[in-house]
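[1] Build me a structure from this.
(3 chains)
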Amino acid sequence: MSDNSKRITIPIGPQHPALKEPGCFTITLEGEKVVNAVVGVGYNHRGLEKACESRTYIQDLYIIERVCGICSHTHSTAFCQGVEELVGVEISPRAKFIRVIMAELERLHSHLLWLGVAAHEIGFDTLFMYSWRDRELVLDMLAMLGGNRVNYGINTLGGVRRDITPEMKELIHKTLNIVEEQNKYYIDLALHETTLAARLSGIGKLSHEDAIKYGAVGPVARASMVKDDIRVSEPYAAYDQIPVKVVTDDHCDVFGRAVVRVLEIMESISMIRFALDNMPDGDLAVKFPRKVPAGEVFSRTEAPRGEDTHYIRGNGTDKPDRVRVRAASEANWHGMQHMLEGDYLADVPIIIAAIDPCYSCTDRAFIVKDLDHGDQRVWDWQSLKRYSVDWYKKRGFDASKIKLAERRI
Amino acid sequence: MLMALFNIVIFPGLLFLGIYALFFAFLDRKLYARLQNRVGPPWFQPLADFCKLLGKETIIPQGADRRVFVSLPVFALAAVTTAFIYVPIWSVNSLFPFEGDLIVVLYLLTIPTLCFFLGGWYSTSLYATIGAVRALTQLFSYEVPLFMAMLAPAILAETWSISGISAYYAEHPLYILINIPAFLVAMVACQGKLERVPFDLPEAETEIVSGTFVEYSGRLFAIFKMAIDCELVVVSALIAAIFLPFHAANPWLGFLYFIIKTVIILILLCLFRASMARVRIEQMLMFCWKILTPLAIIQIIINLLVRGALA
Amino acid sequence: MSGEEKIVAQILERYPFLEGKITIQRRQRIIMPPLSREKFEDVFKYVVDEVGFHRFHLVIGVDDGEDLGFIYALSNEENIVLLLKQKAPKELPYIKSVCSVFPNALWHERELVDLFGAQVEDLPPGPTYPLPDGWPAGNYPMRKEWKVEYFDKETMTYNPPAEKTPETASDDKAKEAAK
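    Reported below is the predicted structural model:
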C-alpha cells in the first residue's frame, strides 16, 4: 500500500494569517510531519529592473529605495556606491559615516521587527508587543534623520542629503540607551526562557555545509557558523574605520538565528555610538555628473537580512543599460525547502519567518502609472495628506473622528 | 416549576452566565492587553463582537452535514450551561446538589471539546481537520491530569459532590494546603481545556488559520464563541469551589466571594497566557503525561495517606 | 602579487587564449570576457573545481543586442568576486543549467527563462517564476526591444505598432520634406 493515502497537502498562502505578504508554500503532511514543501513566490513581480532602464540614474535611486520597505537604505547605498564607482567619485568621509549610522539604525529596527514577528508566529504575543513598542523609538530616530519612517531618502548620488546635528546626536544617544536596556532583557529572554527555547531549538536545521551549498546569507548563514559579513569581508562606506564584530552561532537552527539577531542589535548599538562620536567634519555631497560612463560594476552591501547585491551597467548616457538587484531574502529562499522538510507543521511559520523573508525584495518592482493624472505633479506632504483623507471620506471613513488614547510610558 | 425555569434561563442559568462570560472575556482581554503594554478594548467590546457576529451571514460548507454542523455549537453551549447549574455560587451548596455531581460536571465539560472536534471534522476543510485532530489529541493528554487533580480533594473529603467538597474544606480550611500541587496541575491542565496559550494548538492562528472554527461564521460562530467564554467561567468557578472554599453565610456576601475568587483565577490564567509561547503538540503530550500526570498521582497518594491517618 | 593576480595567472595558465581579456577591476573584482557556450562550460568547471570559487551569488541576464549575455557571479574563500560571462545568440539562446553544482541557481535561472527567453537545459521542473499565469508566450519583458508601453495589462496582450515597411517609411520622409 502506498503512503499517499495517509498524506494530505495543504496550502499555506498566498493569503494566510502567518504570512502578511504573498508567498505560497505547498506543504505535504504525513500526520503533523512535513514530508515535502514547494516554495512559490513571485505573486507581485513589479519589474523594477525594466523600469530602471528607462529612467535616469537619479530617478532610479528612488525606485531602488522602494525595492523593500524595511531595508530601503541598504538598497540605495548599494546603488549609490555602484554608480559612484562607475563614475569614479569619492564621497566625503562625513557622508560615509552618515550612511553607516543610517544603515545600523535600519538594522536595529529590522531586527526588532523580526523579533516581534517571530514571537507572534509561535503565539508569544507579549514579546511581539514589547519589541514593536521599542522599535517605535528607533523609527522615531529614523524619521528625525531622514524625515520618514521608512524610505528615508537620505542617500543621493555623490553623498547624503541631510546632516546629523549635535542635538540629533544627543537624542540618538539617549534613545540608544533605552533600546540597549530593553535589548538586554530580550537577550536574557531569548537565551533563558524555556518555552521559547523549546519551540525554537532543533527546528529548521541548516548545517554549515548546506548553508554554503544553498548560498545562505546574513543571520541565517551566520547562525550556521558561516563567518560571512560584507561589512568585514568587503568594507564599504565607513565600515573600514569602525570596529565591526561578526556575530556567529553554532546552533544551525531557528534558535541560533534568533540569538544572532539579538546579539547583532547590541553590536549595532555600539557601532552607532562609535560612529556618532568619531564622525569627521566635511561636505555632505560632492558634485555628480548627469552622464555616467560606460562600464559595469558589481556592488555589495550588508542588509539587515544579509548580503545585498546590485549589478549596474552604464552605457555612457544618463540612463543605465541594466540594473540587477539581488536582495538578501532572495538568496535565503533556496534553502527553505530543505529547512522545512522533516519538521512539524507547527514549526512551518516560524521556520519561514526565521529567514526574515521579504517578498517585496524577491518580487522586484513594476511600474506604477498614474492614469487619472497624466500630468506629473509635485505634491507636498500636506496636500497628499488632504488627498488621502478626502479619498477615504468619500468612501465613508472619517479618520479625524477617531479618538486615540494618549501614550503612556 | 416557575422557579426552576427562572433558575435555568435567568439566574444562575443562561442569562447570568452569558453576561458574566462577556464580562470575563472583557477582563481577560483588557488584562492581556495591559500586560502587553497595550490599551485594550472598552468594556462593551465582547458584547459588540457578539452582536455583530449575530448579524453576519452564516455560511455552511457544501461538503458539511448541515444538521450536525448547525447543532454542534448549540450542543456545546447547552453542555456548558448545564454544568454551571451544579457549581456552587452564592453558598456552599449548588442549586441541585447530589452525590457524584463532580463527575457529571467534568463530563459535561468534555462535551464542548468533542463538539469542537466534530465541528472541525464536519467542516471538511483541511485546516479544520488538522485542528480537529489536534483538539482530540490534546483532550487525551490534559483530561487525565485534570480529572485526577479534581478527584484528589474529593478523596480527602470522602464525597463525590462539589457541594460536599466545598462544605468539608470550609470546615477544615487548613487541609486546602495539602491540595496545592493538585491546584497547580488543575490550573495548567485547564489551559488545555480552554484552548488558551500555551495550549491553543487546535486554533493556532499562525499555523492552521484558526483550526476547528475556520468554516464557522455568523450566528453559529457567535454561539461557539459564547460557549468558549462560558466554559472559562464554569471552569474557574469549579476550580474556585474545589480549591478555594471560602464561603459566607450571607448569600450576597457569598456571591461577592464567588466573583472575587473567579477573578483571581482568571488573573492567574491570564498571566500564564501572557508569559508563554505556544508549544508543539508532541511537547504538550510529553508535558502532560510526564509531568502533570505523575504529579496528580502523587497528590492522590498523599491524600489517601492523609485520609488513612485521619481515620 | 595580490590574490586577484594569482587567480588570473592560474586561469591564464590553463586558458592562454584569455590573455589580456581578463580585467582586475579593483580589489576583490575580476571580470572575465564573454565566452561562447562550449568554452564557458569548460572554464566554469575549472574555476569552480580547481580555482576554488565555491560560492555562487547570482546569474545576471543582459541584453547585448545581437546576443544575450549571462553573467555568473562567483566568490571564493577570500571573498574575491569573479564575474564569469557567457553569451548566446538571441535566436537560439541555449545555455546549460548550473543547478546540479549550485542548487541556489534555480530561481535565477527560472527568471532567465521568463524574463529573457533563455532556453536552460537540465533545469529541474517546477513553477514558472516570476511572471504571472496567463502571460502571453514569446514575450520576454527584459529584452531591450520589448516596450512596456505596448503591453495591455487588462487583456494581457502585447500590441506593438505595425512595423514600418520601406515604402511607408519613404512616404513619411516625403511628407516631412513637403512640410
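[2] tell me which residues of the strand or helix carrying C:Leu82 are tucked away?
    Assigned by DSSP states H and E, C:Leu82 falls within strand C:81-89. Using 16 or more other C-beta atoms under 10 Å in any protein chain shown as the test for burial, strand C:81-89 gives C:Val81, C:Leu82, C:Leu83, C:Leu84, C:Lys85, C:Gln86, C:Lys87, C:Ala88. Every C-beta, even on glycine, is put in place using the N, C-alpha and C of the backbone.
[3] Do stretch A:86-105 and chain C come into contact?
    No: counting by C-beta under 8 Å from any C-beta of the partner chain, chain C has no neighbours in stretch A:86-105; the shortest distance is 10.5 Å.
[4] Quick check: residues of chain A near chain B?
    A:8, A:10, A:16-18, A:29, A:32, A:119-130, A:133, A:195-196, A:198-199, A:344-349, A:405.
[5] Tell me the buried residues within these.
    A:10, A:16-18, A:29, A:32, A:119-130, A:133, A:195-196, A:198-199, A:344-349.
[6] and those, which of them are in helices?
    The helices, defined by DSSP state H, take in A:119-121, A:125-130, A:133, A:195-196, A:198-199, A:348-349 from those.
[7] where's the helix or strand containing A:Ala51 relative to the chain centroid, distance-wise?
    Per DSSP H and E: A:Ala51 is located in helix A:48-53. Centroid separation between helix A:48-53 and its chain, computed with C-alpha atoms, centre = their mean, to the nearest Å, is 21 Å.
[8] Against which helices or strands is the helix or strand just after that helix packed?
    Downstream of helix A:48-53, the first helix or strand assigned by DSSP H and E is helix A:57-65. For helix A:57-65, the contact count by 3 or more C-beta pairs under 8 Å, 6 or more residues apart in numbering or on different chains; DSSP states H and E identifies helix A:48-53, helix A:72-87, strand A:155-156, strand A:320-326 as packing neighbours.
[9] try 10 Å
    Counting contacts by 3 or more C-beta pairs under 10 Å, 6 or more residues apart in numbering or on different chains; DSSP states H and E, helix A:57-65 packs against helix A:48-53, helix A:72-87, strand A:155-156, strand A:306-314, strand A:320-326.
[10] Dump those into a markdown table; add distance to A:Lys205 and mean pLDDT as well.
    As requested, these are exported to a markdown table (distance: least, C-beta to C-beta, whole Å; pLDDT from 0 to 100):
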| stretch | distance to A:Lys205 | mean pLDDT |
| --- | --- | --- |
| helix A:48-53 | 34 | 85 |
| helix A:72-87 | 28 | 90 |
| strand A:155-156 | 38 | 89 |
| strand A:306-314 | 18 | 89 |
| strand A:320-326 | 25 | 88 |
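[11] For A:Leu191, which non-adjacent residue is spatially closest?
    Among residues not flanking A:Leu191 along the chain, A:Val259 sits closest, at 6.9 Å (C-beta to C-beta, 6 or more residues apart in numbering or on different chains).
[12] ok, now which ones touch that neighbour?
    A:Val259 makes contacts with A:Ile187, A:Ala190, A:Leu191, A:Leu200, A:Pro219, A:Arg222, A:Ala223, A:Val247, A:Thr248, A:Asp249, A:His251, A:Asp253, as judged by C-beta atoms under 10 Å, 6 or more residues apart in numbering or on different chains.
[13] Just the closest of the residues you listed to chain C, please.
    Using C-beta to the nearest C-beta, A:Arg222 is the member of the contacts of A:Val259 that lies nearest chain C, at 14.5 Å.
[14] Would you agree the closest one is in contact with A:Ala216?
    Yes: applying C-beta atoms under 10 Å, one finds A:Arg222 in contact with A:Ala216, separated by 9.0 Å.
[15] Need the overlap of contacts for those two.
    Joint contacts of A:Arg222 and A:Ala216 (C-beta under 10 Å, 6+ apart) are A:Asp228, A:Gly306.
[16] Neighbour count for these two, which is higher?
    Remark: of A:Arg222 and A:Ala216, A:Ala216 carries more neighbours, 29 against 26, as counted by other C-beta atoms under 10 Å in any protein chain shown.
[17] Following element in sequence after the helix or strand hosting C:Val43, please.
    Assigned by DSSP H and E, C:Val43 falls within helix C:37-46. Helices and strands here follow DSSP H and E; after helix C:37-46, the next one along the chain is strand C:55-63.
[18] which is the next helix or strand following the helix or strand of chain B with the lowest mean pLDDT?
    Counting by mean pLDDT, DSSP states H and E, chain B has its least confident helix or strand at helix B:205-208, which shows a mean of 68. Using DSSP H and E, the helix or strand that follows helix B:205-208 towards the C-terminus is helix B:218-243.
[19] Go through that next one and flag the buried ones.
    Under the neighbour-count criterion of 16+ other C-beta under 10 Å, helix B:218-243 has B:218-243 buried.
[20] I'd like to know which elements it is packed against.
    helix B:14-35, helix B:45-54, helix B:66-85, helix B:101-122, helix B:126-157, helix B:162-171, helix B:180-193, helix B:251-274.
[21] in the sheet, who's paired with the most centrally placed residue in chain C?
    Residue closest to the mean C-alpha point of chain C, counted by C-alpha atoms, centre = their mean, is C:Phe70 at 2.3 Å. C:Phe70 forms beta bridges with C:Gly61, C:Gln86, as assigned by DSSP bridges.
[22] Touching, it and C:Val59? I think so.
    Yes: with contact defined as C-beta under 10 Å, C:Phe70 and C:Val59 form a contacting pair (5.7 Å).
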